[in-house]
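Colleague: predicted model follows, preceded by the sequence.
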Amino acid sequence: MIKLIKSTFYEEDKTKQALTKFITKAKILSFGPECIKFEENFSQYQKRKFTVFVNSGSSANLAIIQALLNLGRLKRGDLVGFSALTWSTNAMPLIELGLNAVPIDVELDTLNVSSNKLLEALKQYPIKALFITNLLGFCDDLEVIKDICKKRNILLIEDNCEALGSKYKNKLLGNFGLASTFSFYVGHHMSTIEGGAICTDDEELATMLKLVRAHGWDRNLSLSNQKAIRDKYQVNSTFYSRYTFYDLGYNFRPTEINGFIGNVQITYLDAILEKRNKNFVEVSDRIYKKTDLYIPIRYSHMDFHSNFAVPVICVSPKVRDELVKRCEGIVEIRPIVGGDMTQQPFFNKYMQKYTHMGKQSNADIIHKQGLYFGNNPELTRKEIVSIIKLFCTDPL
């Protein structure tokens, strides 16, 4: 079977050998210099001033919302829009932290929220923030969305966990909003086994994120920021300062193991992304032209597309069901990410008043008629040919 992902890491043997040597020599394995080094390396790659490394992409999503609440930029009860087609832990932090999670429909041909869909939602809901998902490396007209948010004082946050490396308007996805979140889960673009990050150019936000990451402590702040917060709260004793909790936080710290792996893997990142892009372009050029069976996905407006899975939206549930049968034992497939969040039990339990999109929304169609297969950098020529043959043959 052609698996979604073949290895834990790119260049797995080399990475494991380097990791073994590191572990035997490392003085500490809890958060330390390797994590800080990775933050610096990832900031340089993403072209953002600050990176806050955490233990998962899901933690990154929760941390950014908590940080905005701590800073007073969001308040409990505020309405926050999010992409209806996404992963659960994009919507869950909004609910968990007392916000109203407003799903916004996506476009069928990009799988993402467009400015038109955002404007439709704004007619009904005065949202204070938009937590947009750059689903599977795609985006819609993000520069227009950014302008709308700026004009209406809407905080724009990007869930970029599935779009590391994608470019639009000569800019990396994840750099359009106030902040963006990333995932380094084993099945994603770059693996630290488990891991995530938040990137931003806002120093106040980055400082709060570091507090949120570590219990509300100031231990990982710069000396100047430590002094400022200790002076503010009149914490003068070194003894007590190490156990003063300044704001609401969690334990989202990664380990030195995650940091070391990240520093090794980021040296391969360009090669990983180039291979995934090459795979995607070849496969999609063949599959998406099969317009009688599949709804074509548009990405010509993007400068570079990077994904870890290739989506296929069938013209009907019947075609999708038959395709699922054809793939059995040959290609590992899954639904399109987490599907339409408004159809998930947790959302109906806590946010029933916002399940307004209903049947025949685009998110609903993708939920019922979509699937994806893996796009990993270790796909062989034989596997690519097999995938094209399978998906370009009429399953009916």
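Modeller: Thanks, I have it.
Colleague: all contacts plus neighbour counts: C-alpha atoms, from now on.
Modeller: Will do.
Colleague: setting aside sequence neighbours, what's the nearest residue to G259?
Modeller: Leaving aside its sequence neighbours, G259 sits nearest to C35 (Cα to Cα, 6 or more residues apart in numbering; 4.2 Å).
Colleague: so how many other residues sit close to that neighbour?
Modeller: The number of residues packed near C35 is 25, by other Cα atoms under 10 Å.
Colleague: gap between it and G339?
Modeller: 33 Å (Cα to Cα, to the nearest Å).
Colleague: the host helix or strand of the residue nearest to G259: what's the following helix or strand?
Modeller: Per DSSP states H and E: C35 is located in helix 33-46. Next helix or strand after helix 33-46 toward the C-terminus (DSSP H and E): strand 50-54.
Colleague: before we move on, the earlier item: in terms of pLDDT, where does the residue nearest to G259 sit?
Modeller: According to the prediction, C35 has pLDDT 98.
Colleague: what distance separates the helix or strand containing A206 from the centre of its chain?
Modeller: If you go by DSSP H and E, A206 is part of helix 203-213. Its chain's C-alpha centre and that of helix 203-213 lie 19 Å apart, by Cα atoms, centre = their mean, to the nearest Å.
Colleague: residues in contact with that helix?
Modeller: For helix 203-213, the surrounding residues in contact (Cα atoms under 8 Å, 6 or more residues apart in numbering) are 50-52, 54, 63-64, 66-68, 70-71, 200, 216-218, 220-221, 225, 246-253.
Colleague: can you do 7 Å?
Modeller: Helix 203-213 has contacts (Cα atoms under 7 Å, 6 or more residues apart in numbering) with 50, 52, 54, 63-64, 67, 200, 217-218, 220-221, 248-253.
Colleague: just the C-alpha atoms of that helix, please, in CSV.
Modeller: Coordinates of each C-alpha in helix 203-213 appear next as CSV, following Å, rounded to 0.1, in the frame of the first residue of the first chain:
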residue,chain,number,x,y,z
GLU,A,203,7.0,41.5,20.3
GLU,A,204,4.3,42.0,23.0
LEU,A,205,2.4,39.0,21.6
ALA,A,206,5.6,36.9,21.4
THR,A,207,6.4,37.7,25.0
MET,A,208,2.9,36.7,26.1
LEU,A,209,3.1,33.5,24.1
LYS,A,210,6.3,32.6,26.0
LEU,A,211,4.4,33.1,29.3
VAL,A,212,1.5,31.0,28.1
ARG,A,213,3.9,28.2,27.0
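Colleague: got the angle between that helix and strand 50-54?
Modeller: Angle of helix 203-213 versus strand 50-54, following axes from the mean of the first three to the mean of the last three Cα atoms, to 10 degrees, is 10 degrees.
Colleague: centroid-nearest residue for the chain?
Modeller: Closest to where the C-alpha atoms of the chain average out (Cα atoms, centre = their mean) is C161, at 1.8 Å.
Colleague: I figured that one hits T181, correct?
Modeller: Yes - using Cα atoms under 7 Å as the test, C161 is close enough to T181 to be in contact (6.1 Å).
Colleague: shared neighbours, those two?
Modeller: Contacts common to C161 and T181, judged by Cα under 7 Å, 6+ apart, are G57.
Colleague: quick one: N116 from D141, how far?
Modeller: For N116, the distance to D141 - Cα to Cα - is 9 Å.
Colleague: also Y294?
Modeller: For Y294, the distance to D141 - Cα to Cα - is 23 Å.
Colleague: between the two, which one's more packed in?
Modeller: Remark: of Y294 and D141, Y294 carries more neighbours, 21 against 17, as counted by other Cα under 10 Å.
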